[in-house]
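>>> here is my input; please provide its structure:
(one chain, ligands or ions: 1)
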Amino acid sequence: MLDYQAILEEIYESVTNVENKGEVAAYIPELANVPKDKFGINLQLITGENYSVGDSAEKLSIQSISKVLSLTKAFQLVGNKLWDRMDVEPSGNPFNHLSLLELENGIPRNPLINSGAIVVADILLTHLKNPKEDFLNFVREISHDHTICFNNKVAESERLTGYNNYAAANLLKSYGNLYNNVEDVLDFYFHQCSIAMDCKQLTNAFFVYANKGKCLKNRQHLTASQVKRINAIMLTCGFYDEAGEFAFEVGLPGKSGVGGGIVALLPQCFTIATWAPGLNPQGNSYLGMQALEQFTTKTQLSIF
Ligand code: DON
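Below you'll find the model as predicted:
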């Protein structure tokens with residue numbers, strides 16, 4: 001039997017002693033204020049045990065990690081109709097690049113790059129009665145934590161500097177792949193990205209993807225087949241132009257966010273969340289990737 005607590009502590013020791021070459025995301029001014037030396041891990045086993053180390057109970061801005069949760073809600077609502085409006089191929093490009101969107105006539109490469117997540121937000125706006133409130137309640141429900149909230153300051157900060165996302169939304173609109181107003185869709189999108197959660201809440205939320213669609217309280221939220229598809233998208237697209245590197249180094253489906261969080265999972269085994277705000281040039285947590293590489297190497301637990 002592996003001593004998971006000892007493994008997390010070894011990783012903590014090792015990772016907090018290497019030079020943190022990452023940089024906090026300054027393009028969202030509110031995120032630039034987060035101290036770069038934060039570092040935490042939470043590990044949730046499918047059998048119920050939970051382990052943590054470092055700043056794992058501090059809130060981080062989940063940012064693009066929210067794209068998996070919005071995709072999940074949209075998949076619940078419209079099923080395979082989703083794929084009429086976006087593809088499921090890795091983009092090989094940074095998360096906010098617009099060039100492929102134009103070349104491919106307004107059909108985003110996948111739901112985890114910004115343009116794809118904006119289309120997912122549009123779908124939620126069409127299908128939810130009170131979109132922001134209903135989505136937040138969904139996140140609270142699968143995380144079993146009714147204290148989870150938007151950070152309105154982060155959402156507003158991103159809105160004020162969100163030129164690239166405005167460009168993506170306008171381009172989508174020009175191709176007829178956005179049904180609601182640009183302003184309304186982006187208001188929803190900036191809010192979903194601003195959700196604040198800690199590492200433990202993240203491993204709770206992602207439990208469904210490790211447990212064939214059932215949450216920690218054993219309620220079925222997704223079919224096993226939908227889970228298979230979302231995990232495949234996380235593996236191939238969850239780290240943008242670094243998805244290959246993440247599969248190579250870590251070997252798990254997962255998702256990163258520019259708040260420095262990463263959540264990853266091994267089906268039928270565990271979910272793990274790391275937080276280290278310094279990002280590498282691809283926008284993925286510099287130390288989080290190293291911590292996860294060490295975890296799957298030390299435990300020999302990966303999908304490969
Ligand atoms: O739209 C954006 O640029 C941010 N709200 C989210 C980007 C993000 O987290 C990319 N992930 N690593």
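
>>> confidence score at Lys21?
pLDDT for Lys21: 87.

>>> and the stretch 101-250 of the chain, which residues reach the ligand?
The stretch 101-250 of the chain has residues 114, 158, 165, 193 near the ligand, with proximity defined as Cβ under 6 Å from any ligand atom. In this view, the C-beta of every residue, glycine as well, is placed from N, C-alpha and C.

>>> which ones are touching the first one?
For Asn114, the set of contacting residues under the criterion of Cβ atoms under 8 Å, 6 or more residues apart in numbering consists of 95-96, 164-165, 168.

>>> let's see it at 7 Å
If you count contacts by Cβ atoms under 7 Å, 6 or more residues apart in numbering, Asn114 has them with 95-96, 165, 168.

>>> same deal with Thr271?
Contacts for Thr271 (Cβ under 7 Å, 6+ apart) come out as 44, 203, 206-207, 210, 263, 265.

>>> go again with 10 Å.
The contact partners of Thr271, by Cβ atoms under 10 Å, 6 or more residues apart in numbering, come to 42-46, 202-211, 216, 252, 254, 263-265.

>>> give me the pLDDT for it.
You'll see Thr271 listed with a pLDDT of 98.

>>> tell me which helix or strand it sits in.
strand 270-275 (DSSP states H and E).

>>> that strand: how far from the chain's middle?
In terms of Cα atoms, centre = their mean, to the nearest Å, the centre of strand 270-275 is found 11 Å from the chain centre.

>>> count residues in the vicinity of Asn165, would you?
Neighbour count of Asn165, defined by other Cβ atoms under 10 Å: 22.

>>> nope, Asn20 is what I was after
Counted with other Cβ under 10 Å, the neighbours of Asn20 add up to 17.

>>> ditto for Glu23
Residues within reach of Glu23, counting by other Cβ under 10 Å, total 14.

>>> hmm, it is touching Ala276, no?
No. At 11.7 Å, Glu23 does not count as touching Ala276 under the criterion of Cβ atoms under 10 Å.

>>> so which residue is dead centre in this protein?
Of all residues in the chain, the one closest to the mean position by Cα atoms, centre = their mean is Ile65, 1.5 Å from it.

>>> next one: that residue from Val18, what distance?
The gap separating Ile65 from Val18 is 24 Å, by Cβ to Cβ, to the nearest Å.

>>> also Met289?
As judged by Cβ to Cβ, Met289 and Val18 stand 12 Å apart.

>>> what stretches of the stretch 101-250 of the chain score poorly on pLDDT?
For the stretch 101-250 of the chain, not a single residue meets the criterion pLDDT under 70.

>>> phi first, then psi, for the nearest residue in space to Arg159 that is not next to it in sequence.
Of all residues not flanking Arg159 in the chain, Phe190 sits nearest, at 5.2 Å (Cβ to Cβ, 6 or more residues apart in numbering). The phi and psi torsions at Phe190 (degrees, to the nearest 10) take the values phi -60, psi -30.

>>> pretty sure Phe190 sits against Val154.
Yes. Between Phe190 and Val154 there is a contact at 8.1 Å, judged by Cβ under 10 Å.

>>> joint contacts of those two?
By Cβ under 10 Å, 6+ apart, Phe190 and Val154 have these common neighbours: Ile28.

>>> and the residue lying farthest from the centre of the chain, what's its pLDDT?
Most distant from the centre of the chain: Met1, at 30.1 Å, with distances by Cα atoms, centre = their mean. Per-residue confidence (pLDDT) for Met1: 85.

>>> and the one 10 residues further on, by the same measure?
Reported pLDDT at Ile11 in the predicted model: 98.

>>> and it, how many neighbours?
Quick note: Ile11 (other Cβ under 10 Å) scores 24 neighbours.

>>> please apply the same query to Asn177.
Per other Cβ under 10 Å, the neighbour tally for Asn177 reads 21.

>>> in space, what's closest to it - neighbours in sequence excluded?
Spatial nearest neighbour of Asn177, chain neighbours left out: Gly106 (4.4 Å); criterion: Cβ to Cβ, 6+ apart.

>>> is it correct that the one you found is in contact with Ser174?
Yes. Between Gly106 and Ser174 there is a contact under Cβ under 10 Å: 7.1 Å.

>>> of the two, which one has the most company?
The neighbour comparison of Gly106 against Ser174 (other Cβ under 10 Å) goes to Gly106, with 18 against 11.

>>> got a list of what that one touches?
Residues in contact with Gly106, defined by Cβ under 10 Å, 6+ apart, are 85-86, 115, 119, 171-178.

>>> okay, these in a markdown table with distance to Val78 and secondary structure next?
As requested, these are exported to a markdown table (distance: Cβ to Cβ, whole Å; DSSP: H, G, I helix; E, B strand; the rest coil):
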| residue | distance to Val78 | secondary structure |
| --- | --- | --- |
| Arg85 | 9 | coil |
| Met86 | 12 | coil |
| Ser115 | 18 | helix |
| Val119 | 11 | helix |
| Leu171 | 22 | helix |
| Leu172 | 17 | helix |
| Lys173 | 19 | helix |
| Ser174 | 23 | helix |
| Tyr175 | 19 | coil |
| Gly176 | 17 | coil |
| Asn177 | 14 | coil |
| Leu178 | 15 | coil |
